[in-house]
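1. predicted structure and sequence below. I'll ask about it afterward.
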Amino acid sequence: MNFVFTASRIMKGAEVHEFCKQARENPTLLLLTEVEAKKSLIEMKKQQAGTLTALTKDIVR
């Protein structure tokens, strides 16, 4: 199974190695991590969409 791992914070090499080891041993953990990341991305997009819509309405008027 191939996947891309990106860190949202600075991690030591040992931490990255441990996370990758756990992901290989437990694919459910990887799926859970992916779902949580997608949820946070969707929330960020919703928040940005609200502000962009408000700005767009002001410009159109």
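-> Okay, I see it. Computed from a predicted structure; not experimentally measured.
2. count the neighbours of residue 47 for me.
-> Using other C-beta atoms under 10 Å, residue 47 has 10 neighbouring residues. C-betas here are computed from N, CA, C, even on glycine.
3. actually residue 30, not the one I typed
-> 18.
4. now it. Nearest residue, chain neighbours left out?
-> The shortest distance from residue 30 to any non-neighbouring residue, by C-beta to C-beta, 6 or more residues apart in numbering, is to residue 23 (4.4 Å).
5. as CSV, could you dump the C-alpha coordinates of stretch 31-48?
-> What follows is stretch 31-48, C-alpha atoms only, in CSV (Å, rounded to 0.1, in the frame of the first residue of the first chain):
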residue,chain,number,x,y,z
LEU,A,31,-7.8,5.6,7.4
LEU,A,32,-8.8,7.3,10.6
THR,A,33,-5.9,9.9,10.2
GLU,A,34,-7.0,10.5,6.6
VAL,A,35,-10.7,11.1,7.6
GLU,A,36,-9.7,13.5,10.3
ALA,A,37,-7.5,15.5,7.9
LYS,A,38,-10.2,15.6,5.3
LYS,A,39,-12.7,16.9,7.9
SER,A,40,-10.4,19.7,9.0
LEU,A,41,-9.7,20.6,5.4
ILE,A,42,-13.5,20.8,4.7
GLU,A,43,-14.0,22.9,7.8
MET,A,44,-11.3,25.3,6.7
LYS,A,45,-12.8,25.6,3.2
LYS,A,46,-16.2,26.3,4.6
GLN,A,47,-14.9,29.1,6.8
GLN,A,48,-13.0,30.6,3.9
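6. quickly find the element holding the residue nearest to residue 30.
-> helix 13-25 (DSSP states H and E).
7. helices or strands up against that helix?
-> Judged by 3 or more C-beta pairs under 8 Å, 6 or more residues apart in numbering; DSSP states H and E, the packing partners of helix 13-25 are helix 27-60.
8. report the contact partners of residue 36.
-> Neighbouring residues of residue 36 by C-beta atoms under 8 Å, 6 or more residues apart in numbering: there are none.
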